[in-house]
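# how would this look folded up:
(2 chains)
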There are 2 protein chains.
Amino acid sequence: MEIPSVYLERTVSQFAQLPGIGHKTAMRLVLHLLKREPSDVDAFANSLHDLVANIRYCHICHNICDSDTCSICSSPSRDHATICVVESIQDVMAIEATGQYKGVYHVLGGIISPMDGIGPQDLEIESLVGRVQQGGVREIILALSPTMEGDTTSFYIFRKIASHTELAITTLARGVAQNDQLQYTDELTLGRSIVDRQPFKS
Amino acid sequence: MEIPSVYLERTVSQFAQLPGIGHKTAMRLVLHLLKREPSDVDAFANSLHDLVANIRYCHICHNICDSDTCSICSSPSRDHATICVVESIQDVMAIEATGQYKGVYHVLGGIISPMDGIGPQDLEIESLVGRVQQGGVREIILALSPTMEGDTTSFYIFRKIASHTELAITTLARGVAQNDQLQYTDELTLGRSIVDRQPFKS
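Below is the predicted model of the structure:
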């Protein structure tokens, strides 16, 4: 399909490079932008310029932030002896949204995935080991996705830090999800939740 | 969900304003952009700036172009006596991609849709009537979507230009689509395709 304007074509191809957005969707998005006020589109463009110019990563936990240290790592009210290891920034936001966690984080920036060519050296694992070696850490929570890659990564990190015997290494509870129907729960999860059954709390 | 950076938040909310993109998808897209080279993201932003600064609409057919008159309207090899009336720029591209049409276009910029508050005065209908009144037009093809709104718009335009008796007013052929299975074709389409049956060409 020939696009009648080079400016349109260029913007459409930029959108089409985003994950999950094909050429037709990109065209729809750009034509939608053209219906908006030009100042709105300039604001969109400026937000992208500002993003790459100003975004920082916390030098401690590698979460996104606007300064050198994120608000969680610099907060005196958080428990700095408990580190929750997560794959991505979205996971930090998801756990923060629960309001159940008062410790700090360590963002790996991915998980070990040989299929995608991602090895331990591509992730922030050495810096995690460094935080443990500095001392003052009481617990490491391995909060990675319960997938093959997540489990591999958890095991790799466990081996790296298990020598610190004073350290509690924990992982997220697994089982049936709240409001899930038992008959539609997959066998592995259901089987494991029976084996790992817990005292009933009324 | 609290976003740890105002720059991230601003860009995510810009993406989330696009049609069909929710907050989570917007976050995924922006975090994807952050993994790319900063120069790539700047190129993305610049393409948006360039788009709004340079995009033009053809003063004859209202198609998108980079100058005052689009390449179709300014082409001497097109049949300027045949005007194909379409809803959007995407429709022009779709018809052009077939390679079957050698006339020119008229882009309405939408269809009459009282539900969305779009009336005839919001569309390029008067300018179409103006083109007809200028003379030299032999045929108007009403190539709008075969929906209630499309049919309403076609009928409205038909009434506006029907007084020009020298003008042939046509519409797209309707019937079963190429490679469609008859048993899955909707009743209306199948019924109409039987009533409008055509001489078999071998």
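
# and the most centrally placed residue in chain A, how far is that from A:Ala173?
Geometric centre of chain A, nearest residue: A:Ser88, 1.7 Å, by Cα atoms, centre = their mean. According to Cβ to Cβ, to the nearest Å, A:Ser88 stands 20 Å off from A:Ala173. Placement of C-beta: from N, CA and C, glycine included.

# check whether stretch A:126-145 contacts chain B.
No - with Cβ under 8 Å from any Cβ of the partner chain as the criterion, chain B is not reached by stretch A:126-145; the gap is at least 15.0 Å.

# List of residues touching that stretch?
Applying Cβ atoms under 8 Å, 6 or more residues apart in numbering or on different chains, the external contacts of stretch A:126-145 come out as A:60, A:62, A:80-87, A:91, A:95, A:103, A:106, A:108, A:111, A:150-151, A:153-154, A:157-158, A:160-161, A:164, A:166-172.

# now do stretch A:83-99
Defining contact as Cβ under 8 Å, 6+ apart, one finds that stretch A:83-99 is touched by A:61, A:63-64, A:72, A:101, A:103-111, A:128, A:131, A:137, A:139-145, A:150, A:153, A:157, B:1-4, B:27-28, B:31.

# Sitting in strands, which of those residues do you find?
A:64, A:103-107, A:139-142 (DSSP state E).

# Could you identify the most distant pair in the residues you listed?
Farthest-apart pair in these is A:Ile64 and A:Glu139; separation 24.0 Å (Cβ to Cβ).

# the more surrounded of those two?
A:Ile64 (21 against 14; other Cβ atoms under 10 Å in any protein chain shown).

# Surely the more buried one touches A:Leu51?
No - if you go by Cβ atoms under 8 Å, A:Ile64 and A:Leu51 don't touch, sitting 10.0 Å apart.

# and the closest residue in space to A:Ser67 that isn't next to it in sequence, backbone torsions?
Distances taken as Cβ to Cβ, 6 or more residues apart in numbering or on different chains put A:Arg56 closest to A:Ser67, at 6.1 Å, once the chain neighbours are dropped. Per-residue torsions, A:Arg56: phi -130, psi 160 (degrees, to the nearest 10).

# thought A:Arg56 was touching A:Thr69?
No - using Cβ under 8 Å, A:Arg56 is not in contact with A:Thr69; the gap is 9.1 Å.

# What's opposite the residue nearest to A:Cys84 when sequence neighbours are not counted in the beta bridge?
Leaving aside its chain neighbours, A:Cys84 sits nearest to A:Ile141 (4.4 Å; criterion: Cβ to Cβ, 6+ apart). Beta-bridge partners of A:Ile141, counted by DSSP bridges, are A:Cys84, A:Thr170.
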